[in-house]
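Participant: return a 3D structure for these sequence lines:
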Amino acid sequence: MNNVFTNGSDKETILAAVNANCFILKYASETQKDNRTIVLTAVKQHGSSLKYASPSLQNDKELVLIAVKKNGQALEYASEALRNDKDIVLEAVRRYVWAIEYASETLKNDKEINLAVAQKRKKLNLMIPQDA
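Facilitator: The predicted structure is shown next:
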């Protein structure tokens, strides 16, 4: 099911398909994966659809921030530069504590990032029944 949509497919058809299932982006053409409107539609549904975006859009701070707010694990698909962006990483670990593994080495050692991770882990521990 490769490249279901050709470059000739109209934008409305692709947007409708992505709106119905954000992971359809996987089968879009490279040009469509570089279309900010199409990718934004996908990441607003599920942040991890950032995986199928073009490298330039994986480096779009606004778009990546939307993705990690939807799903912190989307940090895995952000550009190297944005995995070194404190705002992006903080947002990601606040949503998904294990997103820390995708952060740059510098930010893995950042005091504020580590505090956010510790707070999230504490909150998760409080959710586990004590008799479990």
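Participant: which stretches of this structure have low pLDDT?
Facilitator: For the chain, applying pLDDT under 70 flags the ranges 1-9, 126-132.
Participant: list the contacts of the spatially most central residue of it.
Facilitator: Centroid-nearest residue in the chain: residue 74, 2.6 Å away (criterion: Cα atoms, centre = their mean). For residue 74, the contacting residues are 43, 47, 48, 50, 51, 64, 67, 68, 92, by Cβ atoms under 8 Å, 6 or more residues apart in numbering. C-beta here means a position set from N, CA and C on the backbone, and glycine is covered the same way.
Participant: try 6 Å this time
Facilitator: With contact set as Cβ atoms under 6 Å, 6 or more residues apart in numbering, residue 74 has these partners: 47, 48, 50, 67, 68.
Participant: these: which two are farthest apart?
Facilitator: Farthest-apart pair in those is 48 and 68; separation 9.9 Å (Cβ to Cβ).
Participant: next secondary structure after the helix or strand harbouring residue 87?
Facilitator: Using DSSP states H and E, residue 87 maps to helix 86-95. Next in sequence after helix 86-95, counting helices and strands by DSSP H and E, comes helix 105-108.
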